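> I need the structure of the sequence given here:
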Amino acid sequence: MIFATVGTQLPFDRMLSALDDWAARNISMPVLAQTGASARSFRNLKAIPRVDQRTYAETMEKARVVVAHAGMGTILSAAEAGKRLILMPRRAELGEHRNDHQLATAEEMSVLSNVTVVHDAKALWDTLDAVLEAGADLTPALTLSAGAQPRLINTIQDFIWTQAAQPRARGLALRGLRA
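Okay, the predicted model is just below:
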């Protein structure tokens with residue numbers, strides 16, 4: 001089974017449509033998609049808007065491949081489960097997000113051995129075909145390419161320390177107030 005997830009905040013119909021088209025040509029491979037706020041219907045994949053945390057973890061564990069937006073929660077969950085992950089980052093220019101932070105996240109995460117980044121439907125189809133054709137190597141050990149570890153560690157540390165340094169301001173901003 002392929003598990004696709006777009007998170008819970010915004011719809012991501014470009015990714016889901018590409019996956020639905022792939023599923024039409026690959027009917028022997030079931031596709032389950034957590035579709036979030038999408039108003040579209042999909043003919044070739046099983047779509048569920050939201051899943052609880054337990055179901056999410058169970059589905060992630062059962063999946064042969066995970067296809068997702070470039071959300072950190074999904075990336076960490078796939079890494080923890082040792083799953084092959086295909087990321088298709090949302091793009092602000094297409095109205096899929098407010099900014100292009102997912103492009104930056106995907107670029108940084110592409111150094112992980114279990115992550116492949118795609119930017120369009122054709123690349124998604126080709127990558128899915130190649131990963132599934134590889135068969136035996138579907139759950140790789142999580143490793144970094146040579147020289148990538150310091151860059152990844154610095155990126156994660158910068159993210160954590162930047163966020164931790166402003167908890168009061170961030171909490172107030174979420175409530176519409178200023179520090």
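
> which SS class is the closest residue to T105 other than its chain neighbours?
Of all residues not flanking T105 in the chain, A70 sits nearest, at 4.5 Å (C-beta to C-beta, 6 or more residues apart in numbering). In short, each C-beta sits where N, CA and C put it, glycine included. Under DSSP: H, G, I helix; E, B strand; the rest coil, the three-state class of A70 is coil.

> from what I can see A70 touches R90, true?
Yes - with contacts counted by C-beta atoms under 8 Å, A70 reaches R90, the gap being 7.1 Å.

> okay, and the common contacts of those two?
Counting by C-beta atoms under 8 Å, 6 or more residues apart in numbering, the contacts common to A70 and R90 are Q102.

> Got phi/psi on the residue nearest to T105?
Note on A70: backbone dihedrals following degrees, to the nearest 10 are phi -90, psi 60.

> Using the record's assignment, carve this structure into domains.
Following the assignment in automatic domain parsing, the chain carries domains at 2-143, 146-179.

> In terms of mean pLDDT, which of those ranks lowest?
Ranked by mean pLDDT, the domains of the chain bottom out at domain 146-179, which scores a mean of 51.

> In space, not sequence, find me the middle residue of this structure.
Closest to where the C-alpha atoms of the chain average out (C-alpha atoms, centre = their mean) is A68, at 2.7 Å.

> Would you tell me which one of the domains of the chain is buried the most?
Per residue and on average, the most neighbours among those fall to domain 2-143, with a mean of 17 (mean count of other C-beta atoms under 10 Å).

> The residue nearest to the centre of the chain contacts A79, correct?
No - A68 lies out of contact with A79 (C-beta under 8 Å); the separation is 11.8 Å.
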